[in-house]
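Peer 1: Please find the sequence and the predicted model below.
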Amino acid sequence: MDTLLDMRGLRLEAGPKSDPTVILHGLDLQLKRGEVVGLVGESGAGKSSAGLAAMGVVRDGVRFAGGSVTFDGTELTSQSPRRLRKLLGRRMAYVAQSAAASFNPAHRVIDQVTEAPVLHGVMSRPEAEEDAIRLFRQMQLPDADRIGMRYPHQMSGGQLQRAMTGMAMACRPDLIVFDEPTTALDVTTQIEVLGAMRDIVERYDAAAIYITHDLAVVSQMADRIMVMRHGQEVETQPTRDMLATPREDYTRSLWSVRSLNRPARVEPRPALLECRDLSAGYGDVKVLHDVSVELPRGRTTTVVGESGSGKSTLAKVIAGLMPPMSGQVLWQGDPLPADYRARGRDLLHDVQMIYQMADTALNPRHTVRETLARPARFCRGLTGKALQSRVRDLMELIELSPDKFLDRRIPELSGGQKQRIGIARALAAEPRFVICDEVTSALDQLVAGGILRLLMRLQDELDLTYMFITHDLATVRAIADQVVIMQKGRVVEQGPRDRIFDAPQQDYTRRLLEAVPQMDPDWLSRVRAAS
Amino acid sequence: MKTLKTAPPTAWFGMIVVALTMLTAIFAPLIAPHAETEIVGMQFLPWSAEHPLGTDNLGRDMLSRMIYGARNTVGLALLTTAMAFAAGSMLGMFAALRGGWVDQVLSRIIDVIMAVPPLILALMMLAIVGPSIPNMVAVIAFIYVAPVYRLARAAAMNVVRLDFIEAARLRGEGTFWLMRREVLPNISSTLIAEFGLRFCFVFLFIAALSFLGIGIQPPTADWGSMVKDNATLITFGDITPLIPAGAIALLTVAINFIVDWMLHRASGLKT
């Protein structure tokens, strides 16, 4: 078969010409018709830039600085914007990470899906509409005949992501670039979207580039996987070989994150915190229904659920930020005041939170030293030398060099470093109970693995009790002692981790566990065949 | 210093004009050839070597009064704006942090102040308390608390939602500390830019009140009343009354250039 896309020695640069920041260092990538290649790497590896460059597009401020991109015999790097626009959308299409942000909320979905074929003169409007409905059906959207008449906000995230894939297919492009299309979706939704995407790429014999940091996902989609780091190729192999025998150390380190596993500790310990029949909500809408959970001292209790399951609300009620409608929270057997303002200082300092988005969890105007010194002084009354040495100890605890980082401002840190500072700030109050709200969700796997190991080490050293909120079952499998599964504000099932994973009692738990992608290229086919 | 180097020429122009005005105001007694209220000659003398800008309606030296006027007009405007900002931003941040009924009560009071046109409100209040400089400063500061409050509250609202505020609250930090250490640093660039803008408004407001005769009282020199006192000269084709007016315009434009540059930087648009 002939080569559809031929990228040779592609170099992308940004910034001043005299001192450029190199984004891609001579990347080679060939793609045949009907082939799907997966680009894998941590954030900042240049995956998205490579995906866009395959369509001859660069982000603002970035330029082609060498090499070539040939698409079906046409050189793209030197193409005029006008000629390029003729190809874009028609012969090449792009599916972005957040479909919700990529649709214009002011127009009906079908108007947006049919826009490209009508604009490019491929089809007339009625033909395009008919075709769009056919595509919606192939993407397994419910009520395909009429769903296009809805506005984007009337559809769920998974439906929008499928509609967007349908939109990308509208002109039957030869090349589709998927940029993390399922990262924002829940696992049970992800599985449907992945299946639909794979079918449609196969059906129309298109070539695709699939960008992700999730190895299990890419192994379902791609024929070949390219691992990237720092704008360079680390290695490329067919999917099965890559999973079985990665050649490079870096690839192996990416793989090994998934193998993080701490044996669950099952010997019973008394509960540090207990929720009894908690119900809570906003206005008349109840978000939590009679939730009863026990969190044993010195253990990690993970609360798992899809978005909207009420797991973050539960954290809010425990932290005292949201008063429950009924039920109570017990701290070492005594009822905890419902409002944090009514709790004593000591009690406040015993319960600390670590947040999902380190960007908003840390004051960007403070230095690392200010961020850590305040809670140490405020909560523990440290001053002068004792304070400074405590701050340094905290930095050692989170494995960041005090001399290097203490006087940096928060925006100068990377995502992983910020999250570590967030952990250190919580520890500065010397808490006994820490609520971790999706602390690794915004990080890529390598960094997330480091954060999880750190949290586990800290737990062993400081005898901390964790309430770990996540939607990622791989994380649960790695670190949990106890698991609480939530759905629609109710606890579906709870118990020791191994029992939940090995012998789930409830249908929902089973479905959730099955939906977690595995590092096996046949997994998706198997699961879909089974259901 | 690094940021100064990136300033566009308009901002430089603004900074130079403001600096010159400040220097003039501070060193007025040293620069001015005559005293502020000293009658040095006939009324409405034309421009000459002895009186570079002539004399005014009572025979006082125009140039000297311009120089002293800088001190009075700009100094009072600065004081008034600073008072309005101190009160307005504190109240705004307080309302944003507390929320609930505190926010409601404060915001409705501010709405009432905003509902009355500022000039009419000022005239009314000055009629009640009597025109004097301290009263005028207090009245204008009070009126300008309203827009500053609204801005500070809106800006603080965006910050208050963020997790670091929640983290600090859960630590048991007091409202005052949250305002000063967590919120203020994050809204300061917006406030500083607004300060420049409000300073112009206040400055013009004082000039306007003086022109109406209830602002800065004679014989104190200020640019607004100098326009009024010498307005008759316009009918004789003399441009002298336009000079204090021009000074007001120049300073306003200069400050706006600086503010534009600061807003540009605060919005993250780097050129």
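Peer 2: Everything's here; your move. In this text the structure is predicted, and so the values were computed from the model without any measurement. Numbers count the residues shown, from 1 in each chain, chains lettered A, B, ... in the order given.

Peer 1: Enumerate the residues of the stretch 151-271 of chain B near chain A.
Peer 2: Proximity of the stretch 151-271 of chain B to chain A, by CB under 8 Å from any CB of the partner chain, involves residues B:162-164, B:166-167, B:169-173, B:181-182, B:185-186. To be clear about C-beta, it is placed using only N, CA and C from the backbone, and glycine gets the same treatment.

Peer 1: and which of the residues you listed is nearest B:Pro52?
Peer 2: B:Pro185 (47.2 Å; CB to CB).

Peer 1: Helix, strand, or coil at the closest one?
Peer 2: helix (DSSP: H, G, I helix; E, B strand; the rest coil).

Peer 1: Quick check: which element contains the residue nearest to it when sequence neighbours are not counted?
Peer 2: Nearest non-adjacent residue to B:Pro185, counting by CB to CB, 6 or more residues apart in numbering or on different chains: A:Arg365, 3.6 Å away. Secondary structure from DSSP states H and E places A:Arg365 outside every helix and strand.

Peer 1: correct me, but A:Arg365 touches B:Val183?
Peer 2: No. Using CB atoms under 8 Å, A:Arg365 is not in contact with B:Val183; the gap is 9.8 Å.

Peer 1: sorry, back to before: what is the burial count for the residue nearest to B:Pro185?
Peer 2: By other CB atoms under 10 Å in any protein chain shown, 20 other residues sit near A:Arg365.

Peer 1: Now do the same contact list for it.
Peer 2: For A:Arg365, the contacting residues are A:Arg409, A:Ile410, B:Pro185, B:Asn186, by CB atoms under 8 Å, 6 or more residues apart in numbering or on different chains.

Peer 1: same question, A:Ser43
Peer 2: So A:Ser43 contacts A:His213, A:Gly415, A:Asp444 (CB under 8 Å, 6+ apart).

Peer 1: returning to what we had before: got a ChimeraX select line for the buried ones in the contacts of A:Arg365?
Peer 2: In ChimeraX, a selection of the buried entries from the contacts of A:Arg365 looks like this (16 or more other CB atoms under 10 Å in any protein chain shown):
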select /A:410 /B:186
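
Peer 1: Looking at the contacts of A:Arg365, which is nearest A:Gln97?
Peer 2: A:Ile410 (25.0 Å).

Peer 1: Contact residues of chain A facing chain B?
Peer 2: Counting by CB under 8 Å from any CB, chain A sits next to chain B at A:319-321, A:340, A:345, A:348-349, A:351-353, A:355, A:357, A:360-366, A:374-375, A:378-379, A:425-426, A:429.

Peer 1: Show the buried residues in these.
Peer 2: Using 16+ other CB under 10 Å, the buried ones in the residues of chain A next to chain B are A:319-320, A:340, A:348-349, A:351-353, A:355, A:357, A:360-366, A:374-375, A:378-379, A:425-426, A:429.

Peer 1: In helices, which of the residues you listed appear?
Peer 2: A:Ala319, A:Leu348, A:His349, A:Thr360, A:Ala361, A:Arg374, A:Pro375, A:Phe378, A:Cys379, A:Arg425, A:Ala426 (DSSP state H).

Peer 1: what would those look like in a markdown table with pLDDT and distance to A:Leu462?
Peer 2: Conversion of those to a markdown table gives the following (pLDDT from 0 to 100; distance: CB to CB, whole Å):
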| residue | pLDDT | distance to A:Leu462 |
| --- | --- | --- |
| A:Ala319 | 91 | 19 |
| A:Leu348 | 89 | 18 |
| A:His349 | 90 | 14 |
| A:Thr360 | 87 | 26 |
| A:Ala361 | 90 | 20 |
| A:Arg374 | 91 | 20 |
| A:Pro375 | 91 | 15 |
| A:Phe378 | 88 | 19 |
| A:Cys379 | 86 | 15 |
| A:Arg425 | 93 | 15 |
| A:Ala426 | 92 | 11 |
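
Peer 1: how about those in TSV, adding distance to B:Ala254?
Peer 2: Listed next are these as TSV, based on distance: CB to CB, whole Å:
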residue	distance to B:Ala254
A:Ala319	50
A:Leu348	50
A:His349	51
A:Thr360	37
A:Ala361	41
A:Arg374	40
A:Pro375	44
A:Phe378	44
A:Cys379	48
A:Arg425	44
A:Ala426	48
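
Peer 1: now, which of the residues you listed sits nearest A:Ser68?
Peer 2: Nearest to A:Ser68 among those, with distances taken as CB to CB, is A:Thr360, at 41.9 Å.

Peer 1: how close does the closest one sit to B:Gly174?
Peer 2: With distances taken as CB to CB, to the nearest Å, A:Thr360 is found 22 Å from B:Gly174.

Peer 1: And for A:Phe71?
Peer 2: A:Phe71 sits 62 Å away from B:Gly174, going by CB to CB.

Peer 1: Kindly report the same for A:Ile435.
Peer 2: For A:Ile435 relative to B:Gly174 (CB to CB), the value is 23 Å.

Peer 1: And the two? Which one has more around it.
Peer 2: A:Ile435 (27 against 11).

Peer 1: before we move on, which element is the more buried one in?
Peer 2: Element membership of A:Ile435, judged by DSSP H and E, is strand A:433-437.

Peer 1: same check, this time on A:Gln30
Peer 2: Short version: A:Gln30 belongs to strand A:21-32, going by DSSP H and E.

Peer 1: which residues sit against that strand?
Peer 2: In contact with strand A:21-32 (CB under 8 Å, 6+ apart) are residues A:1-15, A:37, A:46, A:49-50, A:53-54, A:62, A:65-67, A:175, A:207, A:209, A:226, A:228, A:230-233.

Peer 1: Swap in 6 Å and give it another go.
Peer 2: A:1, A:3-15, A:37, A:46, A:49-50, A:207, A:231-232 (CB atoms under 6 Å, 6 or more residues apart in numbering or on different chains).

Peer 1: cool, and stretch B:224-236?
Peer 2: B:Asp56, B:Asn57, B:Ala207, B:Ser210, B:Phe211, B:Thr240, B:Pro241, B:Pro244, B:Ala245.

Peer 1: Mind listing what's buried along it?
Peer 2: Buried residues in stretch B:224-236 (16+ other CB under 10 Å): B:Gly224, B:Ser225, B:Met226, B:Val227, B:Lys228, B:Asp229, B:Asn230, B:Leu233.

Peer 1: In a helix, A:Leu443, correct?
Peer 2: No. Per three-state DSSP, A:Leu443 lies outside any helix segment and is coil.

Peer 1: Fine, thanks again, bye for now.
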